[in-house]
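Asks: got a structure for you, letters missing:
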């Protein structure tokens, strides 16, 4: 025993020796190769897989980038007719949704761990069963639903924002609930009745393609937007009128008659008539069926509208209502969150003896149900869906289910007591029933061409449609939030921190109202008001929005979440409580609420930066745009290699903010939280500035590092951390940066971002979504747009290694842009023609910075009849 | 007081203090310079760069035997070098391609057998390690005809692999300035 005795002295000696050994020159790092390396995989080389993301049953084709088996970035699939290569912010953020630590991870019974055996047992119980699904287009699921129905089990579908009114409107006007398909490629005149030309990726692209101004002789389309609150559609429109929700129907009726109470209606109606078959009226899904019926009649002669049988299974039929559950013993809810999106329904769920919920989160519906089963994310499952036009779109997993999630098909099989099958084999076996294309080829392409639903030839009936006269002193427009939608994405911090396109609000919900309405109510931005309808009230802070209709309020859904999602919980109030109300009673409260905006004042204060004019002004050389390089005393920077440059078209930019999300996803931008956004410390390299011009119209301008040839930031860096590359890139070497922030102070565009704190994520799951080709920045370091230099270097290396010419890569923002408003390439090749256009201008040219990113001024095509 | 009386006052500092002052001044300069130079020197020394430090591996893999006796080229195992940023360590499967047949009962390769049977990766110790903010790409260097031995030394003559070059930024730039003068801008390696 004595030999083991350690004196105090020798203990310290040993401890000293141990600590010395521990601080060896470098940390020991290990390499773990595969045991069996998949033949298609080379560690270090990204892999790309085509799959689809599904929302309300409809597929958007995407290409997912994966690094050794973990998906990191999502791009639109150019071959998919619902994407055309573009994405919304929601698709971009889906990767973070996959790696969400708040996801439901285990089967639970009333919150306590349970097993699949318990679910099997519950499904095997006798009694009447009902299955509630999200709308679906999957032929695989539809076949199972038919078997479930044959077994005497009721099936219905529910999602708050699925197409309902448009189908009902078409049923009135066309006799059948057909689905409207827009084809805006040939549209000369577009009238949007609260329509959405921005988040519909196809409509956005087609509309933008008709609005690319080359010079004054360009024949661009004309867009009229009639809407309650400003929207991206109103932003790209040539004329925009703010009307109360109930007035949209009256405008539609006026357009059909050729005159109306408002003076401009006759002029718009004449313009529609002149354009003939190249005119189209687009009615928004939140408008009542009568507006859609009127739109169908207005579109009688239009070649830009086609009708197809609804792509969603049984859309427009009674099965798309919430069931009343009388006499139901077992309720199975597969996806969605009806307890939140239809608050009255949670009581009905509670009355059912056995209830099982399949979902991604332990949300309100999971809380109302007896059992909750983790669902597989779209990036974790095998399935097939249809795009909005009916195109068959396979869904393949990028990763094994992280939490053993199950699919809708798995649950339906369990209900049918089928023997478990391998999902891929099941899909591959059934595939020939739906398509002649081999399964593997369809998987590789992500969409099966020529599977779109055939057009139905139908003429609108000549029936008088009476617009609804429902009106209230203060009208209410409930709209899905552009990013968190109906609440299903509210736990995604990327989407919460993304600045809402119109209000520039982050991390919060606010009710939008016009300055005059706010003044009459005596409220200002940040004051909390109570909105009351049907004896139900919610308290929401106010945000004053210029260009909003008077005596109306717009409220976004998706907040007031009460599930266990840590991030979503406690933000705002549930707007679905007021669903169905035309008007609201507003009561002021004495409370105020702090709101975090990324941009407060919409005014340019007499120094216009987002420039624009009319096509007529362009023709008469009436547009004064800062053009060409400002003289300089500085010696030019040495140039060699491709000269990178960017051109952003403000005419086609809708401000949808997909680019900002794409940039953050590609470049590992951290999330800073509400308080830091309020302090002006948001970390997005790209922002969308939103201004109101002299004419009162909203203008948006994407703003990122301009990569100045004479960059003011470079002169003031004391440590040479920001330097100029021979290709014209303004570079940031993070590990040289000491954080003086001189560069940011000297930047006239204010596009540099500083890591005031350790903002990067430390969550073990979330870090899996990081791009391994971009440094994760630490505290005290400046950062900014790099023109996605990691993609440039990859392209250069690939060209050299493969002995071929350089394939100009796309930047993340450019690739995501649904309207192709962002162009990137070499100054003397891809960008040369754009730079020569008469409306190309350099932002803050008088600063002499010679920016490499320049803009095409926003050109409008107003109707000369309307002043 | 007279001047004579003044002169008799003993000197305040004895003569040796002159030397001491000189020594102290020079010492301060040397120490000051040393405080700057020493960390720089240490950072570049083999102690910090890990040069010439043979790394012990879970399997006593001998490159001399595999290259010289068996004539296996570098890229047979490190095949990522031509097409990927990483040269890569071969999967167990590739080792088993031969070792399922030869030396399959050797104690030396027992960990390999274990990895194969239990489907567990072998935890190799990293020899050449660059910081995370450096985006080095093997494929472009191979395409530009940089030989493996230029950076890795004669691995074929090493029993246990060690790092021959310092892998400091200065060492990278030595070549880049000489051979690829346009490729010295920061974002070539840091992004």
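Replies: Here it is on my side, so go on. On a predicted model such as this, the values are computed, not experimentally measured, just so you know.

Asks: so what's residue A:137 up against?
Replies: Contacts were defined as Cβ atoms under 8 Å, 6 or more residues apart in numbering or on different chains; by that measure residue A:137 touches A:57-59, A:311-313, A:385-386. Placement of C-beta: from N, CA and C, glycine included.

Asks: apologies, that question was intended for residue A:593.
Replies: If a contact means Cβ under 8 Å, 6+ apart, then residue A:593 has A:508, A:526-528, A:541 as its contacts.

Asks: repeat for residue A:791
Replies: Counting by Cβ under 8 Å, 6+ apart, the residues that residue A:791 touches are A:809-812.

Asks: buried subset of the residues you listed, written for PyMOL?
Replies: Selection of buried members from those for PyMOL, criterion 16 or more other Cβ atoms under 10 Å in any protein chain shown:
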select buried, chain A and resi 809+810+811+812
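
Asks: out of the contacts of residue A:791, which sit inside helices?
Replies: In helices, judged by DSSP state H, the following of the contacts of residue A:791 are found: residue A:812.

Asks: let me know the closest of the contacts of residue A:791 to residue A:377.
Replies: Compare each of those with residue A:377 using Cβ to Cβ and the shortest gap goes to residue A:812, at 21.8 Å.

Asks: the closest one against residue A:788, yeah?
Replies: Yes. Residue A:812 sits in contact with residue A:788 when judged by Cβ atoms under 8 Å, with a separation of 5.5 Å.

Asks: contacts for stretch A:575-590, please.
Replies: For stretch A:575-590, contacts defined as Cβ under 8 Å, 6+ apart pick out A:160, A:245-246, A:340-343, A:470-476, A:478, A:486, A:509, A:521-523, A:527-534, A:536-539, A:553, A:555-560.

Asks: which of those residues are close to chain B?
Replies: Taking Cβ under 8 Å from any Cβ of the partner chain, there is no overlap between those and the neighbourhood of chain B.

Asks: which one of the contacts of residue A:791 sits closest to residue A:705?
Replies: Checking those one by one against residue A:705 (Cβ to Cβ), the nearest turns out to be residue A:811, at 11.4 Å.

Asks: and the nearest residue to the closest one once chain neighbours are set aside, how many neighbours does it have?
Replies: Nearest residue to residue A:811, sequence neighbours excluded (Cβ to Cβ, 6 or more residues apart in numbering or on different chains): residue A:788, at 4.3 Å. Other residues within reach of residue A:788 by the criterion other Cβ atoms under 10 Å in any protein chain shown amount to 27.

Asks: coming back round to it: in CSV: the contacts of residue A:593, plus neighbour count and pLDDT.
Replies: Below are the contacts of residue A:593 laid out as CSV (neighbours: other Cβ atoms under 10 Å in any protein chain shown; pLDDT from 0 to 100):
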residue, neighbour count, pLDDT
A:508, 22, 95
A:526, 16, 95
A:527, 19, 96
A:528, 18, 96
A:541, 23, 97
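
Asks: which single one of those residues is nearest to chain B?
Replies: Each of the contacts of residue A:593 was scored against chain B by Cβ to the nearest Cβ, and residue A:508 proved nearest at 33.9 Å.

Asks: wait, the closest one touches residue A:573, no?
Replies: No. When contacts are counted by Cβ under 8 Å, residue A:508 is not listed as touching residue A:573 (10.8 Å).

Asks: what is in contact with the two at once?
Replies: residue A:559.

Asks: from one end of stretch A:110-119 to the other, what's the distance?
Replies: 13 Å (Cα to Cα, to the nearest Å).
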